[in-house]
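Q: Show me how the following folds:
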Amino acid sequence: MRKPAGPPLSWALTDPSPAAFLLQLLRRARQKQRLAEAEPPDTARMPPSKKPCSGPPATLSPQRSIYFLSPREPPARLGPEFFNQPAVALAQAFLGQVLVRQLADHTELRGRIVETEAYLGPDDEAAHSRGGRQTARNRGMFMKPGTLYVYIIYGMYFCMNVSSQGDGACVLLRALEPLEGLESMRQLRSSLGKGTSGRTLKDRQLCSGPSKLCQALAIDKSFDQRDLATDGAVWMEPGPPGPEPTVVAAARVGIGQAGEWTHKALRFYVQGSPFVSVVDRAAERVQP
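A: Numbers count the residues shown, from 1 in each chain. Okay, the predicted model is just below:
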């Protein structure tokens with residue numbers, strides 16, 4: 001250890017006057033402070049509890065959603081391999097995953113998927129791709145798995161589907177449990193939803209239906225044919241860890257006359273979730 005420049009700390013106080021005495025004490029205190037600041041810490045001799053820590057900070061940024069407060073950070077998004085499944089398997093795998101929408105002002109909206117419907121392609125009489133027909137409207141159904149198929153209903157509302165394995169097969173996203181950005185969702189629903197202006201929507205009303213979901217996340221026709229695996233404004237993230245939900249398989253909703261396909265159990269939802277659009281008590285009674 002190098003010796004500090006200047007007189008030793010133990011000099012004698014030679015001037016007996018009170019002013020000189022106080023001045024010497026002040027100089028001595030300042031010298032001690034300079035020496036303490038100049039001396040580097042000897043970490044090798046520090047007790048273990050005081051050694052510098054190279055791990056993560058003890059607290060998380062206050063800007064992070066409570067959804068992320070878990071021991072392991074989830075991957076940023078689900079990749080193309082996740083979407084490359086048959087429609088029924090994908091519809092069930094979606095349950096519990098998180099849909100994310102980033103608005104133009106970088107606000108992020110998040111919702112856990114709690115209800116889906118599978119559409120199986122050309123043989124499915126309720127699918128827009130029945131008979132194998134391809135049009136400009138349904139082209140997204142025939143694109144690679146993970147492609148969005150967004151269509152308009154009643155001339156004013158949108159529904160969002162995700163293509164799966166198999167030409168013309170896809171999964172309709174029917175309902176979300178809102179997780180983050182609820183006030184933004186409320187504002188979007190109030191401004192875009194018919195009959196919602198001027199009244200406060202409850203959390204369970206924000207995304208409890210395919211068109212409500214699109215309104216709450218500001219999804220419109222411009223999202224048609226986008227790739228969920230790469231898009232910068234909408235993507236999916238794996239859901240937080242937890243027990244496996246009980247999944248109910250029920251008939252799809254609002255598909256009209258589609259013969260035997262009208263009654264096939266191709267709608268899947270999380271039993272007990274208050275955010276599901278339509279509960280089928282009969283189907284729940286026959287669940288294994």
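Q: how many other residues sit next to Ser190?
A: 15 (other CB atoms under 10 Å). Using the backbone N, CA and C atoms, a C-beta is placed for each residue, glycine as well.
Q: Using the three-state scheme, assign it.
A: Assigned with DSSP: H, G, I helix; E, B strand; the rest coil, Ser190 falls in the helix class.
Q: ok, it to Cys207 distance?
A: Between Ser190 and Cys207 the computed distance is 14 Å (CB to CB, to the nearest Å).
Q: List the residues that contact Ser273.
A: 114-115, 175, 177, 245 (CB atoms under 8 Å, 6 or more residues apart in numbering).
Q: quick one: Gln205 and Ala216 touch, right?
A: No. Counting by CB atoms under 8 Å, Ala216 is not a contact partner of Gln205; they are 9.5 Å apart.
Q: any common contacting residues for those two?
A: Common neighbours of Gln205 and Ala216 (CB under 8 Å, 6+ apart) are Arg189.
Q: if you count what's nearby, which of these two comes out ahead?
A: When Gln205 and Ala216 are compared on other CB under 10 Å, the one with more neighbours turns out to be Ala216, at 29 against 18.
Q: helix, strand or coil for the closest residue to that one other than its chain neighbours?
A: Distances taken as CB to CB, 6 or more residues apart in numbering put Met185 closest to Ala216, at 4.0 Å, once the chain neighbours are dropped. Secondary structure, three-state DSSP: Met185 is helix.
Q: Please tell me I have it right and Met185 contacts Leu179.
A: No. Judged on CB under 8 Å, Met185 makes no contact with Leu179 at a distance of 10.2 Å.
Q: if you count what's nearby, which of those two comes out ahead?
A: Remark: of Met185 and Leu179, Met185 carries more neighbours, 26 against 18, as counted by other CB under 10 Å.
Q: quick one: the helices in the stretch 51-200 of the chain?
A: Under the criterion DSSP state H, counting those that start in this stretch, the stretch 51-200 of the chain contains helices at 80-83, 87-94, 182-192.
Q: what packs against the second one?
A: When you say that, I think you mean helix 87-94. Here helix 87-94 touches strand 108-119, strand 170-180, going by 3 or more CB pairs under 8 Å, 6 or more residues apart in numbering; DSSP states H and E.
Q: In the stretch 101-250 of the chain, where is pLDDT below threshold?
A: 193-198 (pLDDT under 70).
Q: Swap in 90 and give it another go.
A: 191-200, 240-244 (pLDDT under 90).
Q: which residues touch Thr147?
A: Contacts of Thr147 by CB under 8 Å, 6+ apart are 140, 162-163, 225-228.
Q: wait, I meant Arg252
A: Arg252 makes contact with 117, 126, 262, 264, 266-267, according to CB under 8 Å, 6+ apart.
Q: Now the buried members of the residues you listed.
A: Those of those that meet the buried threshold are 117, 126, 264, 266-267, by 16 or more other CB atoms under 10 Å.
Q: Distance to Asp167 for those - can I get that in TSV?
A: Below are the buried ones among the contacts of Arg252 laid out as TSV (distance: CB to CB, whole Å):
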residue	distance to Asp167
Glu117	18
Ala126	16
Lys264	19
Leu266	18
Arg267	22
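Q: Out of the residues you listed, which comes closest to Val88?
A: Of all the buried ones among the contacts of Arg252, Val88 sits closest to Leu266, with 6.9 Å by CB to CB.
Q: Do a quick rundown of the strands in the chain.
A: For the chain, applying DSSP state E gives strands covering 98-102, 108-119, 148-153, 157-163, 170-180, 234-237, 247-250, 267-270.
Q: Near Arg199, how many other residues are there?
A: Counted with other CB under 10 Å, residues neighbouring Arg199 total 8.
Q: wait, Glu115 sits on Val279?
A: No. Under the criterion of CB under 8 Å, Glu115 is not in contact with Val279, lying 9.9 Å apart.
Q: which residues are common contacts for the two?
A: Common neighbours of Glu115 and Val279 (CB under 8 Å, 6+ apart) are Tyr269.
Q: Comparing these two, which residue is more hemmed in?
A: Glu115 (31 against 15).
Q: What separation do you get for the more buried one and Glu177?
A: On the measure of CB to CB, Glu115 and Glu177 end up 10 Å apart.
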